[in-house]
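Chemist: Sequence and predicted structure are below.
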Amino acid sequence: APLDVPPAGVEPADRADLDRWPAAALFAARFAQARREPPTPAELPALAALVRRLGGLPLAIELMAARGRILDVTELLDRYGDRVLDLTGVRPGWEPADPSAGTVTLRDAVASSYHLLATADRAALRRLSAFRNRWSVELAEELLADGGRRWDAAPLLDRLRELGLLSVRGTGPFRFRLLDAVRDFAAEQADADGETARIRMRHAAVIAGLVHRTAPGLVGAQMSGAVRALDEATSDITAALTYAAEHAPETALLLAASLPRWWRLRGRDVSGRRRLRRLLADPRTAGARPTLRAWAMLGAARLAAEHGAGAEELPTARAALVVFAEAGDVTGELSARSVLCALLLGLGAHDEAREQAEAALAAATRHHRVREMAVAQAHLTWHDVREGRLAGARRRLATVDRLAAQCGDQRLRVLARADQAELTRLEGRFAEAVEQGRRVAAALAELGDPGRRRRTVGAVGLALAHAGRTDEALATVAELWPSGAVPGRRRPPAVEMLDPPGAGGDARTEDALRGLIEGHVALHRGDRELAAEWFAAAADAAEGVADRRDLVEALVGLAVSTADPRVLDRLDAARQVTGVSLLPQEEELLFSLSARRGR
């Protein structure tokens with residue numbers, strides 16, 4: 001039977017650590033016999049990867065380790081990692097006349113177990129070879145039904161385990177996996193029998209069904225479970241999308257239209273949007289249900305907002321809203337209005353963004369959709385901030401938190417608290433903002449939202465800089481931008497900014513945030529020249545991002561740091577375009593500046 005292998009992501013640190021995993025310990029022992037010396041520490045990561053690829057199968061380990069007479073572990077992984085079935089203990093090209101002679105290839109060993117199965121079980125094994133990673137009993141039964149009546153797969157799985165063909169690990173539903181060598185062999189047999197196309201089509205339909213059932217859980221109280229289920233199926237989702245896009249594009253569209261929220265959480269917004277655009281442009285999907293196409297269009301727009309391409313997808317989001325409204329799809333309409341709020345805000349269309357948020361709040365209230373009420377209130381919060389109504393914004397955020405708690409949406413509660421920490425900073429309560437922000441950043445790390453966590457950590461750094469805790473502020477810069485310049489070094493900020501040409505809105509937001517932190521640190525240390533450089537760079541970066549308050553804050557800092565009167569003119573122009581009101585502490589700074597200049 002297969003031996004336990006080091007899990008993916010776990011690499012033994014030394015030989016003692018290696019011996020915790022029977023498969024790795026067996027390989028190391030046999031390898032030392034072949035080479036007369038144990039694997040070196042540098043070879044241990046490759047060793048762990050190799051035994052995982054071998055599935056912990058003792059025969060495969062024996063055959064692979066024997067090659068250690070002439071190859072090191074890394075060379076074995078590079079040379080045989082993708083063709084373990086070809087492992088043999090004899091010279092290439094030599095065929096024993098007597099099968100009982102004792103020399104066997106791994107393919108022969110798998111074949112001998114395969115032929116012990118009944119005909120129907122062999123067919124089932126060939127179908128199961130379509131799964132790329134771990135799967136559940138329910139998914140196996142759905143795949144094996146092939147559109148007909150489902151039957152109990154447990155006896156088959158027990159037989160496969162008994163013959164050493166199946167790995168059963170862990171306690172969750174996704175705990176079954178064919179050994180790689182077994183899957184490769186079964187796939188070869190399916191190809192030889194002309195079954196591959198039908199099996200892969202069925203696999204794509206099964207995975208599309210799994211994603212379609214799971215995706216609604218990506219919002220609300222079930223989010224963590226839904227994300228975990230899709231993470232477990234990542235390799236199968238990719239395989240199904242790739243195959244269906246070529247051979248069954250409507251199935252691929254159903255699959256892709258359900259994934260944008262997951263893609264966003266996993267930082268795949270660019271590749272996900274690209275897939276959706278290709279499928280929508282495929283003439284074979286033109287006859288798909290209008291609402292299915294609308295969800296795909298809305299997904300592309302949602303993902304575009306993540307990388308600063310919202311202007312390209314604004315017409316797409318508007319068209320999706322029309323389709324949902326005509327179809328009476330309340331969920332689709334509310335989602336479309338929420339996406340439009342984000343796109344319009346990023347494009348500076350603040351009045352229309354507010355109108356969409358108010359329409360979403362009215363519709364959600366009318367249909368008693370508590371979570372969507374909370375989302376609409378969150379959108380409206382930042383219109384209050386833009387207009388300087390911080391007390392009103394705080395009341396709205398309290399409402400968001402209450403509604404999110406009512407519907408059990410933990411992620412929405414954490415996001416509301418991230419907004420509360422930022423609002424506390426804008427109110428000038430910097431020490432409190434630091435404590436709030438640090439708690440929220442830890443919660444965001446657990447939720448798996450890296451982009452929002454970076455923004456929150458940056459806001460903590462900005463609060464620290466405002467409070468004069470400059471070393472701590474620069475520590476956040478080092479954490480978030482480790483590849484940038486040494487914090488505090490006198491170099492032109494325009495050179496140090498990390499946003500490459502054509503980068504998305506998130507990168508520009510982070511560039512603006514870094515410039516604000518560094519500018520306030522330099523200003524607190526009395527280096528107005530350096531502060532002016534950082535604030536100027538921050539203002540340039542903030543010109544094209546959604547949160548135009550960053551632009552106003554950067555220009556206020558620039559005005560305080562430099563004697564150039566043109567900065568005040570630029571600030572006035574920016575406020576007229578964005579509608580952003582100055583906060584009391586900003587007005588005080590500018591008043592004292594004007595008094596010094598006699599204006």
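Modeler: Yep, that arrived. Note that the structure is a prediction, hence the values are computed from the model and not measured.
Chemist: how many neighbours does A13 have?
Modeler: Other residues near A13 number 10, with proximity taken as other C-beta atoms under 10 Å. Every C-beta, even on glycine, is put in place using the N, C-alpha and C of the backbone.
Chemist: got the contact list for it?
Modeler: P41, L44 (C-beta atoms under 8 Å, 6 or more residues apart in numbering).
Chemist: Kindly provide the whole-number mean pLDDT of stretch 355-363.
Modeler: On average, the pLDDT along stretch 355-363 is 96.
Chemist: So for it, what gets flagged as buried?
Modeler: Buried residues in stretch 355-363, counted by 16 or more other C-beta atoms under 10 Å: Q356, A357, E358, A359, A360, L361, A363.
Chemist: The helix or strand bottoming out on mean pLDDT in the chain: what's the following helix or strand?
Modeler: Across the helices and strands of the chain, mean confidence by mean pLDDT, DSSP states H and E is lowest for helix 493-496: a mean of 36. Remark: after helix 493-496, the chain's next helix or strand is helix 505-524, criterion DSSP states H and E.
Chemist: helices or strands next to the following helix or strand past that following helix in the packing?
Modeler: Using DSSP H and E, the next helix or strand after helix 505-524 towards the C-terminus is helix 528-542. Applying 3 or more C-beta pairs under 8 Å, 6 or more residues apart in numbering; DSSP states H and E, one finds that helix 528-542 contacts helix 493-496, helix 505-524, helix 549-561.
Chemist: The last one relative to helix 505-524, how many degrees between them?
Modeler: This points to helix 549-561. Relative orientation of helix 549-561 versus helix 505-524 (axes from the mean of the first three to the mean of the last three C-alpha atoms, to 10 degrees): 20 degrees.
Chemist: chain center to helix 549-561: distance?
Modeler: How far helix 549-561 lies from its chain's middle: 33 Å, per C-alpha atoms, centre = their mean, to the nearest Å.
Chemist: helices and strands around that helix, which ones?
Modeler: When contacts are defined as 3+ C-beta pairs under 8 Å, 6+ apart, helix 549-561 sits against helix 505-524, helix 528-542, helix 566-578, helix 584-597.
Chemist: Assumed G225 was part of a helix.
Modeler: Yes: counting by DSSP: H, G, I helix; E, B strand; the rest coil, G225 is found in a helix.
Chemist: Number of residues surrounding it?
Modeler: Other residues close to G225 by other C-beta under 10 Å number 12.
Chemist: ok, it - contacts?
Modeler: G225 touches G217, counting by C-beta under 8 Å, 6+ apart.
Chemist: Tell me the spacing between it and G217.
Modeler: 6 Å (C-beta to C-beta, to the nearest Å).
Chemist: now P283
Modeler: 33 Å.
Chemist: Between those two, tell me which one has more neighbours.
Modeler: Neighbours per residue (other C-beta under 10 Å) separate P283 from G217, with G217 holding more: 17 against 7.
Chemist: which non-adjacent residue is nearest that one?
Modeler: A226 (3.3 Å; C-beta to C-beta, 6 or more residues apart in numbering).
Chemist: I figured the one you found hits V211, correct?
Modeler: No: counting by C-beta atoms under 8 Å, V211 is not a contact partner of A226; they are 9.9 Å apart.
Chemist: measure E553 to L568 for me?
Modeler: 15 Å.
Chemist: Comparing the two, which shows the higher neighbour count?
Modeler: E553 (26 against 18).
Chemist: Could you measure from the more buried one over to L582?
Modeler: From E553 to L582 the distance is 10 Å (C-beta to C-beta).
Chemist: for V168, same thing?
Modeler: Counting by C-beta to C-beta - V168 and L582 are separated by 64 Å.
Chemist: Can you tell me the number of residues neighbouring A286?
Modeler: 11.
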